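>>> one predicted model, sequence on top.
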Amino acid sequence: MKSTFDQSGGNARNHDLVVRASTTSGEPVTIFVEAKAGEPLGATVATQRKIAAKAKQKNADSKAEKRLNDLVNSLGREDPRIEDVRYQLLTAWAGALASATGVRHAVLAVHEFWTDVRPRDKTSANAKALELFADVVLGFQLDPGRTIPWCQRLPHTTSPDTSLYLAHVATDLTTESLTAAK
């Protein structure tokens, strides 16, 4: 599913998977999944600024800088640590917010897949990226002592009609794990 969250045109946010469901009481739920298989959550905002500047040098009509600045200004609080936040989390969050209209519960979930080819080498780094994102962009601390999988409701939201959540999930598809499960 593609989500458009700005007026810059160009690329839309491509969610890896979108799940539409409902609670047992019938409230609509949408889960926006960012899937990872032994890979990080992309470049930091600081690195993305450099990429956007190069794009502008190559093409004066490039809107990459404007898109980045608008996104940071709309989601980021006045915090210099925004430069260390993963840009992919910003676009995933913006896309989720843009597509969550009419939904009672919206979840942004980072789902990691552990395989023999791509082991869990990035899970701790992605967990730290989620912690920084939650603190800097969403303005809350994740529950201490949490283990994967987890899903945490944001204590405050910008929409009175939608409850927002952040989640981190992992699926172990390594041969050792699958063999042990038999």
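On my side now, so go ahead.
>>> report the helix or strand with the lowest average pLDDT across the chain.
strand 2-3 (a mean of 52; mean pLDDT, DSSP states H and E).
>>> so what's the residue minimising distance to the centre of the chain closest to, chain neighbours aside?
Compute the mean C-alpha point of the chain, and by C-alpha atoms, centre = their mean the closest residue is Leu89, 3.4 Å away. Of all residues not flanking Leu89 in the chain, Phe133 sits nearest, at 4.6 Å (C-beta to C-beta, 6 or more residues apart in numbering). Using the backbone N, CA and C atoms, a C-beta is placed for each residue, glycine as well.
>>> distance check, that neighbour against Val110.
10 Å (C-beta to C-beta, to the nearest Å).
>>> and what of Ala92?
Distance from Ala92 to Val110, by C-beta to C-beta: 8 Å.
>>> what about Gln57, helix or strand, and which?
helix 45-58 (DSSP states H and E).
>>> give the next helix or strand downstream of that helix.
helix 64-75.
>>> quick one: average confidence on that following helix?
Helix 64-75 shows a mean pLDDT of 84.
>>> distance from the chain centre to the helix or strand that it is followed by, please.
Of the helices and strands lying after helix 64-75 in sequence (DSSP H and E), the nearest is helix 87-99. Relative to the chain's own centre, helix 87-99 is displaced by 6 Å; criterion: C-alpha atoms, centre = their mean, to the nearest Å.
>>> buried residues, helix 87-99. List them.
By neighbour count on 16 or more other C-beta atoms under 10 Å, the buried set for helix 87-99 is Tyr87, Gln88, Leu89, Leu90, Thr91, Ala92, Trp93, Ala94, Gly95, Ala96, Leu97, Ser99.
>>> nearest to Asp79, of those?
Ranked by distance to Asp79 (C-beta to C-beta), those are led by Leu90 at 13.0 Å.
>>> many thanks, we can stop here.
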